[in-house]
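[1] I'd like to go over a predicted model; first the sequence, then the structure.
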Amino acid sequence: MDNLTNHDAMGFPQPIRFYCGGTIVAVRDLPITTTVLQWLRQHSGRPGTKEGCAEGDCGACTVIVAELCPEGAPARYAIRVDHLALRPINACIRFLPTLHGKALLTVEDLQTITPEALHPVQQAMLDCHASQCGFCTPGFVMSLFATYTRHTAANTRPARADVANDLAGNLCRCTGYRPILDAAERMFDLPRVTLDTAPITAALRAIAETTPPVFEYRAPHPAYGTAETPRVDCYSAPTTVAALDDVYAARPHARLLAGATDIGLWVNKQFRDIGDVIALNEVAELRTLTLDRARLVIGAAVPLEDAWAALIRLVPNCAEMAARFAGPPIRHAGTMGGNIANGSPIGDAAPVLLALDAVLTLQCRGRLRRLPLGSFYLDYMRNALAPGEFLRSIEIPPPDPKTLFAAYKISKRIDCDIAALSLAAAIIFAESAPPGSPAPGDTIADVRLAFGGMAATVRRATNAEAALRGHAWTAATLDHAILALADDFTPLTDLRASTVYRLRVAGNLLRRLWLETRRTDRLPPSATRARVVAVQGGGA
Amino acid sequence: MNDIGPPSDRRHSIRGFSGDVVTAWSEADAERLGLGARIGVGVPHESAHLHVTGTAAYIDDVPERAGTLHAALGLSPVGAGRLIGIDTGFLRALPGVVAVLTAADIPAINDCGPIFHDDPILAEDDVRHCGQPVFVIVATERDLARRAAARAGEALTIEPAQGIYTARAAHARGDYVLPPVHLIRESTDGALDRALATAPHRLRGHFSLGGQEQFYLEGQITYAIPTEGHGLHVMCSTQHPSEMQQVIAHALGWRSHRVLVECRRMGGGFGGKESQSALFACAAALAARQTNRPVKLRLDRDDDFLVTGRRHPFEFDYDVGFDDAGRILGFDVSMIANAGHSADLSGPVVTRALCHVDNAYFLPEVAIHGYAARTNTQSNTAFRGFGGPQGALVTEIVLDRIARALGRDALEIRCRNLYGTATNNITPYGQIVEDNVIGPIIDDLVVSSGYHERRAAVAQFNRDNIVLKKGLALTPVKFGISFNVPHLNQAGALVHIYVDGSILVNHGGTEMGQGLNTKVAQVVADVLGVGFDAVRCTAADTSKVANTSATAASTGADLNGMAAADAAHRLRDRLATFAARHYECDPASIRFANGMVALGARAVAFATLVRQAYEARVQLWSEGFYTTPKIHWNPTTMNGRPFYYFAYGAAVSEVVIDTLTGEFALLRADILHDAGQSLNPAIDIGQIEGGFIQSLGWLTTEELVWHEASGRLLTHAPSTYKIPTANDCPAALHVRLFENINTEPTIFRSKAVGEPPMLLAFSALLAIRDAIAAVGNPTADPPLRAPATPEAILDAIEAVRANEAVRAIETDRPAGGG
């Protein structure tokens, strides 16, 4: 494939090629930051997919992106159908060049799956009166199509609560959701329909065979340069880490793109000029996810959905945090590496990883260095990456069996909300548990309390930790730790919560932690968390 | 009008949809349809097939004409000030910009206000709020237009002034967009003061209630296309095409017949596209006129939040006297609505709030004072309920407080204050409540929801749990139906029967998802005895039915259904007259049903009769018209019969709260609601539960935050403003229609159902109060503001715990706080 280049026989730059509507489409001349939604609605005559917010928060633009499953690569958290891995994503913040070599399925494609009738997803939505104004409906249909496809391929059926989680990234203002959840149950009762993947697979293989190892797409951007000669931007998608090193060295000012679930907003909402772009998503080494007894290593380009699923296998208690981290379309598009490198002071992954003592591997020109996550953040949205350096992977050591782990998130809304504050905690007790008893010893040998939303960066509460370390896990110790939090943090008042609330609840989350992990009279989550009562049907 | 009454075979039993039962319309309803029923069957939304296939066309989906330009609005970056200058040269030179329009480019009147002329399209001298449009960019591409508009900060010179950002601050200065209004009803002069002074118990307090963003999923959009002879064809996502036509004509200095406004459907409206689609309609029309090119103005979501207003936030101060049984003896309440920078619809919103303070309760001596405070924020406007929910909620809070003060279950106190049927049935505005069914609704719901058993279980749970506390509440709904302004209660329709027997319906209402077109099609199908496939509704269009009212105030089906029925009856009568002549049969024996026309012993296909009638030169299209009878209103005395009838309902909610964090979850909701004799039970259930969840959002997660110093709205997108998601819908949601018949001869004796359900979610807020109260003294009043965010709930918990809450019962001296 070495003879493949990014120019055609006439010397023109290669187009973006992807499978859509039963054929391979080739796109040239659209700016590299053109979104998939803009292309669908303005350039391809497929207006079924809607724009509700253009920031990945309402789901009206939900579409499915399918790619060939890399040989041996762990695509186990995507939707696997034959040789394809399908993921729901938000078209409004997905840059079009990232579709190169992939397939795009939209609401219009359901008609080609079932030309004679409505697709079961659509028929169930109709039967259950699940649309009113209809504007959000194509997005719901595509999210439910993802659910349907996942479960029919695996021959399973989701619980109603699972469907509600699958729909966490879709907003409906009319129905109140009950009929949509009904439809999600009914669609599995209708005659089964399967996706014919053969033409898609063949098309994607054909594109892959004619794509060079570093796909590059160049296009003018009418907003920059002059009217006569608009600036030409370059999008590069290296497929190996060595190539990434080379490309980044050649274009050190390029913006690294790992999922664009935040950078998409910089362009859509803030009109920030991000210049040239280097995509990390195709770099094979960054897409690896290894979980063994020694450790979990999450490649920087592993989607959040996959990374969280692996984390849950390692630490089941982070399941609630995972489920409440954005919605499925964001988790399938965004990456944990991007979340960590972007470094929001709130980002829900960072507290969990900090509590788990994660170590980052950074790379620059072939040189690797390891850095504890705790040393990575320098200040608000500033990190320790050197020029030319990129995040290669996140490594999580397996927690000691004696470690108790908990993760809490506080936000106005359960789903898809940015936390007012969050706490991830790991407590290691000095003595091993008595044989046959799950209760650990009394004395806290070590503890990590990582808070989000309490400071300019996610960070640990060192004073509160000191108040706990070496002490028995008693009410008195707890009170000392709560008092110490005031020395750890001076949180801001903003639209999500006030200083007073954040400090008070930070202490109260320590109290919850104590109630759930103390030696005697431990409370189950059904006695400490309102949401758990609701999920368990507490009012029925 | 004849034969609109309820034939007995159309009676239907209570039908329910519940969260754990998958329900499809087809089985039971298909059978009824086969028998000829067109009314009372849960047929799917007329566009459901288009919705689920992504083929329902919203305005942005209509293929653009060649040469279409795109507009974007340049917004004020400051909250208040004087506009000194706009550097249009700078803006004009930005990539893709074709034109920059300012207030000076508006040919006639720079105003788009629905009632008063105080709503500039573009800021002229004063800058009134952060986000106020100041100029229009017209560019070759939408992205380039938005990029240029985003440079407003560099292009505008504004001399900043001190803004007023809270309703309390404006009230303290006496700064209102409209004069205050007072609704007072006393048995004798001074009776209220005497009642308050001599009541065995008296409470004073205040309550703070937030606003609500409509969050229609389809943002504001207008596409204006120049037509021949200086005309405009305007596609606008609006609930009020006629008003859009008028304001465009005013702004351009044209007569109305040059402007055609069309709207096939909206992707949600909720009141936000009643008056406030006007600014965008005018800006796009202006740009199309100035450039003589088609111009589309589609707002980005953030701009939509920053430019348009929403449900009015209210501040309440109350003073209530009551007896030992908890009966209200005297009630004085002041309501300060945050109107924003202009009047918009604040006048009627405040009036409706005044007229809903009573909710379902008899208030013997009462004074209600309404203030529309002027602030430097977006101009607040219609939102489903239109002030009614705000007015009604304060009384529910007060009754809850009375119950806690007396140590009684709040349900008992509510029931003791309900309107009677023969006595205690006069509203504060003098209308007699003639159709009261709130008693039977509550009685049914108490039993069906297991209220008393669950009350005991909640108390037990609260004894057993230290962190989590549960709460339970039942609240009633009484909601007045009609526009408060009598002349708006009129509607027209056009029904065409084509020679092949197919029928096209056009009416003055707009479709925003509420199923109006479905219901109107059902009405026409029923009257003409044809199948649904024979009837098609078309886009709302000012060139068809003229001078329409907004599709608002829940009146869409009441008004337009009756107008369409009128038209259909005229056609049926003509066809029957012709058939009687043509087939020489008794006109009284002719029946229209199932696509056939029965002529005594014979029958002929509807389409056959239509063709024969056409050939006999019978007019096969007709207009229909309807005006709501009985209503009248004196805005000076605040007295009259503003409402044709009332809709009723009640809900029970059970919640659990976390006393460490203030998080809450709605565990179960049971709803029984009165839609009269439902035209379409599936659509009505959808309105009820959709309204319930929407209102739940208003009262819990949907918090609007403005920056204190700059007045900038900080919650301006779904990332920061949180409407409910699927996980906020309780796992147990039981919704039923109350079996009832409208006592007034409305369309098939149905009742309006759009807005009343907004009051059902009060039960959730009151249940949260109930749960909070469980942390402390049983007579303590939880000082809970709305929305009940985790922080608001925790604040109230802390207040109850610290015993800071107002002591419940004050017999010898007035209390403060609340």
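    That came through fine.
[2] Run through the residues that contact residue 140.
    No chain specified, so I'll use chain A. A:59, A:62, A:125, A:130, A:167, A:170, A:172, A:180 (C-beta atoms under 8 Å, 6 or more residues apart in numbering or on different chains). (Each C-beta comes from the backbone N, C-alpha and C, glycine too.)
[3] actually it's chain B I care about, not the one you picked
    B:T140 neighbours (C-beta under 8 Å, 6+ apart): B:69-70, B:96, B:98.
[4] Looking at the contacts of A:F140, which is nearest B:V433?
    Closest approach to B:V433 among those (C-beta to C-beta): A:C172, at 35.0 Å.
[5] Grab the nearest non-local neighbour of that closest one.
    A:C136 (4.8 Å; C-beta to C-beta, 6 or more residues apart in numbering or on different chains).
[6] what's the pLDDT at the one you found?
    A:C136 carries a pLDDT value of 98.
[7] ok, so what distance separates it from A:A60?
    Relative to A:A60, A:C136 is positioned 5 Å away (C-beta to C-beta, to the nearest Å).
[8] my guess is B:L33 contacts B:V43, does it?
    Yes: applying C-beta atoms under 8 Å as the test, B:L33 and B:V43 come out as touching, 7.4 Å apart.
[9] more crowded one of those two?
    Each of B:L33 and B:V43 has its neighbours counted (other C-beta atoms under 10 Å in any protein chain shown); B:V43 has more, 26 against 18.
[10] What is the subsequent helix or strand relative to the longest strand along chain A?
    Identified as the longest strand of chain A according to DSSP state E is strand A:214-225. Following strand A:214-225 in sequence order, the next helix or strand is strand A:230-238 (DSSP states H and E).
[11] Going by contacts, tell me the helices and strands next to the very next helix or strand once past that following strand.
    Following strand A:230-238 in sequence order, the next helix or strand is helix A:241-250 (DSSP H and E). For helix A:241-250, the packing partners by 3 or more C-beta pairs under 8 Å, 6 or more residues apart in numbering or on different chains; DSSP states H and E come out as strand A:230-238, strand A:277-279, strand A:359-364, strand A:390-396.
[12] same thing but 7 Å
    strand A:230-238 (3 or more C-beta pairs under 7 Å, 6 or more residues apart in numbering or on different chains; DSSP states H and E).
[13] Can you list the neighbours in contact with the strand it packs on?
    Strand A:230-238 is contacted by residues A:31-32, A:97, A:100, A:214-222, A:224-225, A:244, A:247, A:275-279, A:282-283 when judged by C-beta atoms under 7 Å, 6 or more residues apart in numbering or on different chains.
[14] Tell me if I'm right that the residue nearest to A:C172 and A:C61 touch.
    No: counting by C-beta atoms under 7 Å, A:C136 stays clear of A:C61, with 10.1 Å between them.
[15] what is in contact with these two at once?
    By C-beta under 7 Å, 6+ apart, no residue touches both A:C136 and A:C61.
[16] Could I get the buried residue list for stretch B:73-88?
    B:73-81, B:83, B:86, B:88 (16 or more other C-beta atoms under 10 Å in any protein chain shown).
[17] List the buried residues for the longest strand of chain A?
    So for strand A:214-225, counting by 16+ other C-beta under 10 Å, buried means A:214-223.
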